[in-house]
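> Sequence and computational prediction follow.
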Amino acid sequence: MTDIEHALRRSAAQLPAEPPPEVDARLPEAAGDAGVLDVAYSEVDSPVGRLMVAATPRGLVRVAFPLEPSDAVLEQLAERVSPRVLEAPARLDDVRRELDEYFEGRRQRFEIRIDWFLTHGFFRRVLRNTARIGYGKVSTYGEVAARAGSPRAVRAAGNALGSNPIPIVVPCHRVVRTGGALGGYGGGLDRKEFLLKLEGALPEGPRGS
Amino acid sequence: MSLPPFQAVLDSHRRDLYRFLVASVGPNEADDCFQETVIAAMRAYPRLNHGRNLRAWLLRIAQRKAIDAHRARSRRPLPVEHLPERPVPPGAVADGETELWTAVRALPTKQRAAVFCRSVLGMPYAELGELLDSTEEAARRNVHEGLKRLREEWGQ
């Protein structure tokens, strides 16, 4: 390395190391306004852990529990929706507010728009029907399968619910087994139990699956 | 083919990108150029065939934005000593800046990029060739010529 290169390296230390915070902060909005932001994501704290939420311009496309590594969630979104993914907390303000209200017991219906892009065919029909199960109510896997048009596809309905890309907001926790056992839950059974108790659909106290 | 989420690209390269722009257009215009570069990059991103050499790709876009900024400035009224091909931005010598950076900024575009990326970022010549849209050999020459010129003008 030559004298001049040493001098360059030394004085490079005087250059600002990174963009000022306000430049970073306005970037997602500028990208959104320019129409180049396809997936905005953020984190939302909740009693069931820190949730990763993602939205497209069409609506909420993904909610992920902490047991899914956020890198994996973002890579999935990049591959299946669009690689134009940015962390953009302000674009998820409505989602955050409605989730906060729900967990505080002040909201029984989500009004945010949903983007069903990550689901298809029978799975999408199952999840759309699940979205109609009211707060504090439960339905069974069989009923959900029947409403999606395939009464005998109970196991497939279970798979559809297990792969729900938008848990909590699309309330797959409200689907239980005939006879009242909890069944399964992609986010873990303790979370399912927590959500059902929050809604008053389960008596307090332990309950097996 | 799968491209990483753009946020990951930005997290990996935003510091190099910003410093490249400060070195190219000065601190006053770097902020706007940074935002313009990121938006232009996001516009083009889904059409990329692969996710390799993303830093060179990003800096190439930054270089075009820097040239645009120089041109825009040269259309505005300027101090008399301004030379169009070797623009020295007005107010380039801001706090914490050295004359050396003013000399770097006055280099021809390719030499400026070459000198900065090689000396400050330690960029391999193959990647630098990608950035300059030239061969590795030409990238090497640009570094050499740029450093030679700096040495002369900076007075060493």
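In hand now; what should we look at?
> ok, now which ones touch the residue most central in space within chain A?
For chain A, the residue nearest the mean C-alpha position is A:Val63 (0.5 Å; C-alpha atoms, centre = their mean). By C-beta atoms under 8 Å, 6 or more residues apart in numbering or on different chains, the residues touching A:Val63 are A:51-54, A:165-169. Any C-beta I mention is one placed from the backbone N, CA and C, and that applies to glycine too.
> Could you dump these into CSV and include distance to A:Gly188?
Output for the contacts of A:Val63, formatted as CSV (distance: C-beta to C-beta, whole Å):
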residue, distance to A:Gly188
A:Leu51, 13
A:Met52, 15
A:Val53, 18
A:Ala54, 20
A:Pro165, 17
A:Ile166, 17
A:Pro167, 11
A:Ile168, 13
A:Val169, 17
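> How about stretch B:146-156 and chain A, touching?
Yes. Looking at stretch B:146-156 against chain A by C-beta under 8 Å from any C-beta of the partner chain, the contacts come from B:147, B:150-151, B:154, B:156.
> And these, which of them are buried?
Buried members of the residues of stretch B:146-156 next to chain A, scored by 16 or more other C-beta atoms under 10 Å in any protein chain shown, are B:147, B:150-151, B:154.
> which one of the residues you listed is nearest A:Gln14?
Distance to A:Gln14, by C-beta to C-beta, is smallest for B:Trp154 among these, at 15.4 Å.
> What strand or helix carries the closest residue to the closest one other than its chain neighbours?
Residue nearest to B:Trp154 in three dimensions, not counting chain neighbours: B:Ala103, with 5.1 Å by C-beta to C-beta, 6 or more residues apart in numbering or on different chains. Here B:Ala103 sits within helix B:99-105, counting by DSSP states H and E.
> Tell me the helix or strand right after that helix.
Going down the chain from helix B:99-105, the next helix or strand is helix B:109-115, by DSSP H and E.
> What residues of the helix holding B:Ala103 count as buried?
B:100-105.
> what do you get for stretch B:134-153?
B:134, B:138-140, B:142-143, B:145-147, B:149-151.
> Contacts only, for residue 16.
Assuming you mean chain A. Going by C-beta under 8 Å, 6+ apart, A:Pro16 touches B:18-19, B:22, B:27, B:30.
> wait, I meant chain B there
B:55, B:59, B:121.
> Surely A:Arg155 is in a helix?
Yes. Checked against DSSP: H, G, I helix; E, B strand; the rest coil, A:Arg155 lies within a helix.
> got a pLDDT number for it?
We have a pLDDT of 95 for A:Arg155.
> so what secondary structure elements neighbour the least confident helix or strand in chain B by mean pLDDT?
In chain B, no helix or strand scores lower on mean pLDDT, DSSP states H and E than helix B:99-105, which sits at a mean of 86. Under the contact definition 3 or more C-beta pairs under 8 Å, 6 or more residues apart in numbering or on different chains; DSSP states H and E, helix B:99-105 sits against helix A:3-12, helix B:6-25, helix B:109-115, helix B:136-154.
> Tell me which of those helices sits nearest to A:Leu99.
Nearest of those to A:Leu99, taken as C-beta to C-beta: helix B:6-25 at 21.4 Å.
> quick one, the closest one and helix A:3-12 angle?
120 degrees (axes from the mean of the first three to the mean of the last three C-alpha atoms, to 10 degrees).
> which parts of helix B:6-25 are buried?
B:6-10, B:13-14, B:16-25.
> Could you pick out the residues of chain B near chain A for me?
Near chain A, when you scan chain B using C-beta under 8 Å from any C-beta, you find B:2-8, B:10, B:14-15, B:18-19, B:22-23, B:27, B:30-31, B:34-35, B:38-39, B:42-43, B:45-46, B:96-98, B:100-101, B:104, B:115-116, B:119-120, B:147, B:150-151, B:154, B:156.
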